[in-house]
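>>> here are the coordinates; sequence isn't available:
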């Protein structure tokens, strides 16, 4: 892993005019983390060829994190004419939820004869899995989506990248991000405590325990975006590149 680009860094409601969560990671084979409802639009906005992506890791099954996949898959069939294999991995229940979403948005779309290999994987919390040259370890966090929500610890090329997904504080974030080269973490509010989401103040108090080399905040609400002058940690922006 070399660099990461925030294709989208927004919350579910597009606060600040930001696209839904989607991160592009440069590696031996480029991969994405999450693919929200607006992510195909965002890829094209930033000039990224969808067919250049070989792997997508989905943290949890909310529309702003996986809801763009039906559009991506239909684009692969009908527009981009994809021929290269595509691997999409997510939590237990991912295959069924994706099938349901595709048939809801585009009835009959799951019956299109594939011209490329589409591998759908369901991952297990705490079990490291090799996926297309990546070492991926999911850690279960706290965010209701009808299926287990994950933070991911991703290892490649001697680097470690951790993404919290959406979650309130969970002790599992400590081993997930321990000593990571880059820890991308949601910070929804500044210090307001709400169920299922993490606030900046709580995260900041835990950083010494985590010990990540670099921390970048994402998935910020309008309230936190309005208080960035009080934030001392680095923050994401759509289109922004950062080194890993």
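That came through, no problem. Since the structure is predicted, the reported quantities are computational estimates derived from the model, not experimental observations. Numbers count the residues shown, from 1 in each chain.

>>> Can you name every helix or strand that the helix or strand where residue 209 lies contacts?
Using DSSP states H and E, residue 209 maps to helix 200-210. Here helix 200-210 touches helix 173-177, strand 215-218, going by 3 or more Cβ pairs under 8 Å, 6 or more residues apart in numbering; DSSP states H and E. (Glycine included, C-beta is placed from N, CA and C.)

>>> repeat that for 10 Å
helix 173-177, strand 182-186, strand 215-218 (3 or more Cβ pairs under 10 Å, 6 or more residues apart in numbering; DSSP states H and E).

>>> May I see those organised as CSV, with mean pLDDT and distance to residue 51 added?
Below are these laid out as CSV (pLDDT from 0 to 100; distance: least, Cβ to Cβ, whole Å):
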stretch, mean pLDDT, distance to residue 51
helix 173-177, 98, 31
strand 182-186, 98, 25
strand 215-218, 98, 26
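
>>> So which bits of the helix holding residue 209 are buried?
By neighbour count with 16 or more other Cβ atoms under 10 Å, helix 200-210 contains the buried residues 200, 203-204, 210.

>>> Just list the residues touching residue 216, thanks.
Residue 216 is in contact with 4, 6, 9, 163, 182-185, 187, 233-237, 240, 242, counting by Cβ atoms under 10 Å, 6 or more residues apart in numbering.

>>> swap in residue 225?
Shown in contact with residue 225 (Cβ under 10 Å, 6+ apart): 10-11, 15-18, 190, 231, 235.

>>> Which of those ranks first by neighbour count?
The residue in these with the most neighbours, by other Cβ atoms under 10 Å, is residue 10 (26 neighbours).

>>> And that residue, how far from residue 65?
11 Å (Cβ to Cβ, to the nearest Å).
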